[in-house]
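Engineer: Sequence first, predicted model second:
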Amino acid sequence: MDQRRKKRRAVLQNIAIVLLTVSAVALCVQTQFYNLGGSSAFSDLFVSAAAQKTPSVSGLSDLSAPVRIAVSGAYGRWADLSAATGSEAFSAPGSLLMEAVGSAGPVRECRTEEFRAALRTGPDAGVSVYFDFGSPLPVSYLAGLAGAEWTGGAMNVRRVLLAAEGGSVRLFLWDGETVCRVCSTALPAQSVEELAASYPLGSAWFAFDQPEACGHVDPYSLFSEQFTPPPALSASGTLSDASALMSALSFNPHTNFRYAEASGAEVVVEGERTLRIRTDGEVTYQGGKDALRAAPENAGQAQTLVGVFQLLSRLLATQGSAAELYLQDVQTSGSVRTLRFGYHSGGLPIRLSSGSCAAEVTLDGQSVIQLTLRLRRYETAGESAEPLLPLTQALSIARRYPGRELALCYVDGGGSASVQWLAE
C-alpha cells in the first residue's frame, strides 16, 4: 500500500511541476512579445478588454465619411449639407451610386464644362444626383463606401455626378480640379427621376446659379435654405486610458521602459519602437519595418486601408468620442503612403483650430512606420444650436478670400466646437 501511495504522490507532483512550467513559459513568451514590439495575431491575445471594445470595421462600406448631396431637376435643386455615408440620408442616393459604379462602362476624359452642363437646371435639363466628398480621394475607396467595387482604373475623385439623359444615366468622376472623366452605366434614368421626385426641389443652389450674389466664391459652393445647425459639441483632449492605448499599439502597459519628459509627455521605448503621449492628447508612434502591420503582406489597398481604420478605431475606443474619423488625403511615394484623417460629427467635418489633421499614418507597404493621432473627445453640449452667421454676411466676409469654397464645418476652438461658415 505504501508503494502505491508513493507512486500516486510522485505522479501528482510531476503533473503539478508540468503545469507550473507551462504557466511560466507562457508568461515569459507574453513578456518577450511585448518587449520585442510583437504585433502578430498571437500578441493580440494579450490586448486588454478595454482596447477591444471597437466599432465593427470589416470593409469599406462600414466606414463613415462626410458627403454633400444635391439632387437637381427642371425646377431647381435640393441639398443635404451634412450627410454621411452609412447614414439614412445617404441610403437612397448611395444605392443609386452603388448601382452606377458597379455597372460603369469604359471611361473617357471630358471637359469640366461637360460636368457643369449635366448639372444645370431648367425646362430642358435632365435630372441628376451630385456627391461632394470634400477632397480628391481614390475612386476605389469612394466606391467601397457605397458598397461597390471599381474596376475602371486608378484615379482620384472628389465630385461625382449621376446624370440622367434620355433613358440612361452617365457617371461623371471629377477630382475637383482639372481631371474629369465620364462613362455610361446600366442604371436606368427612371431610377434617378423617381429619386428626384421624392425631394422638394427648389430649396438649394450652387454659387454658379447666382453669380451676382455668389460669384466671388468657388462656383461649387453649395447652399440650402433647409439647413438646421446641429448643437455645439464639448471638446477635450485628455487621454482617459493610457494602458488601453498602449495595448492597442501592442506595447506592454506594465513596461519599465517608460519615462516622463520635462514637458510632461510620457515616452515608452520597446526595441525599435517609440510611443510618445503628450499632455494635450497628441500621440505619436515610430516603429521599424514590420513592427506594426495594418494588414497581411501583399494585401490590397482597400484591405490595408481597412486595417488602418481598425487600428485607429482601437485607439479612439479608449476615448468614447461622439466623432468619427474619415479619410481626407492620400499621398504616395514609391512603396510609402501617407494617409491623413479628419474628424466629423453627423456628416459635418470638424476643423481643429491648429489647422492640423486628426490623424496621420505613414505606411511602408503594409507596415505602420509612423503614426500621429490627436485625441479629441466630442460630446453634444446641449439640445439647441448656437446662432449661425447669416449666409448674406458670410458671403460678404468671403469677399476677402476670392475663389475659395464657402462651406459649413464644426470649428474646434479648444473647449468646444460649433458650426460655422468657413472659406477654404
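Structural biologist: That came in fine, so what should we check first? Residues are numbered from 1 along each chain as shown.

Engineer: contacting residues around Ala398?
Structural biologist: Shown in contact with Ala398 (CB atoms under 8 Å, 6 or more residues apart in numbering): His216, Val217, Arg404, Leu406, Trp421, Ala423. Where you see a C-beta, it was placed from the backbone N, CA and C, and this is true even at glycine.

Engineer: Ser198 too?
Structural biologist: Counting by CB under 8 Å, 6+ apart, Ser198 has contacts Ala92.

Engineer: Gly202 belongs to a helix?
Structural biologist: No: assessed by DSSP: H, G, I helix; E, B strand; the rest coil, Gly202 does not belong to a helix; its assignment is coil.

Engineer: Could you measure from it over to Ser82?
Structural biologist: 19 Å (CB to CB, to the nearest Å).

Engineer: circling back: just the buried subset of the contacts of Ala398, written out for PyMOL, thanks.
Structural biologist: A single PyMOL command selects the buried members of those (16 or more other CB atoms under 10 Å):
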select buried, resi 216+217+406+421+423
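
Engineer: isn't Gly73 right next to Arg120, touching?
Structural biologist: No: applying CB atoms under 8 Å, one finds Gly73 not in contact with Arg120, separated by 10.7 Å.

Engineer: Show me which of the two is the more surrounded one.
Structural biologist: Gly73 (21 against 15; other CB atoms under 10 Å).

Engineer: Tell me which residues are up against stretch 410-424.
Structural biologist: 217, 229-230, 232-236, 345, 348-353, 376, 378, 381, 385-386, 388-389, 391, 394, 397-398, 400-401, 404-409.

Engineer: quick one on the thing from earlier: so between Gly202 and Ser82, which is more surrounded?
Structural biologist: Ser82 (26 against 13).

Engineer: Would you agree the more buried one falls within a strand?
Structural biologist: Yes: Ser82 forms part of a strand when assessed by three-state DSSP.

Engineer: check contacts around it.
Structural biologist: Here Ser82 is in contact with Pro66, Arg68, Phe227, Pro230, Gly346, Gly347, Leu348, Leu408 (CB under 8 Å, 6+ apart).

Engineer: Just the local confidence number for the residue nearest to it when sequence neighbours are not counted, please.
Structural biologist: Spatial nearest neighbour of Ser82, chain neighbours left out: Gly347 (4.0 Å); criterion: CB to CB, 6 or more residues apart in numbering. For Gly347, the pLDDT comes out at 95.

Engineer: Thr392 - how many residues pack around it?
Structural biologist: Counted with other CB under 10 Å, the neighbours of Thr392 add up to 8.

Engineer: Look at it and tell me its secondary structure.
Structural biologist: Assignment for Thr392 (three-state DSSP): helix.

Engineer: Roughly how far does it sit from Cys214?
Structural biologist: 10 Å.

Engineer: Tell me which helix or strand Tyr326 sits in.
Structural biologist: strand 324-333 (DSSP states H and E).

Engineer: which outside residues touch that strand?
Structural biologist: In contact with strand 324-333 (CB under 8 Å, 6+ apart) are residues 63-66, 134-135, 137-138, 141, 156, 305, 309, 312-313, 316, 337-345, 349, 357-359.

Engineer: low-scoring stretches of the stretch 101-250 of the chain, by residue?
Structural biologist: Residue ranges of the stretch 101-250 of the chain with pLDDT under 70: none are present.

Engineer: just the helices in it please.
Structural biologist: Taking DSSP state H, counting those that start in this stretch as the test, the helices found in the stretch 101-250 of the chain are 112-119, 139-145, 189-197, 211-214, 242-248.

Engineer: Of these, which is nearest Asp290?
Structural biologist: helix 242-248 (18.1 Å; CB to CB).

Engineer: Give the pairing partners of the helix or strand that comes right after that closest one; include direction for each.
Structural biologist: Per DSSP H and E, the first helix or strand lying C-terminal to helix 242-248 is strand 258-260. Using DSSP bridges, strand 258-260 pairs in its sheet with strand 266-270 (antiparallel).

Engineer: For the helix or strand just after the partner strand, name the packing helices and strands.
Structural biologist: Per DSSP H and E, the first helix or strand lying C-terminal to strand 266-270 is strand 273-277. Using 3 or more CB pairs under 8 Å, 6 or more residues apart in numbering; DSSP states H and E, the elements in contact with strand 273-277 are helix 242-248, strand 266-270, strand 282-286.

Engineer: what is the mean pLDDT for strand 273-277?
Structural biologist: 93.

Engineer: Equivalent analysis for stretch 353-363, please.
Structural biologist: Mean predicted lDDT for stretch 353-363 stands at 93.

Engineer: That stretch: which residues count as buried?
Structural biologist: For stretch 353-363, by 16+ other CB under 10 Å, it's Cys357, Ala358, Ala359, Glu360, Val361, Thr362, Leu363.

Engineer: same question, stretch 180-194
Structural biologist: Quick answer for stretch 180-194 (16+ other CB under 10 Å): Cys180, Arg181, Val182, Cys183, Ser184, Thr185, Leu187, Ala189, Ser191, Val192.

Engineer: Good, we can wrap up now.
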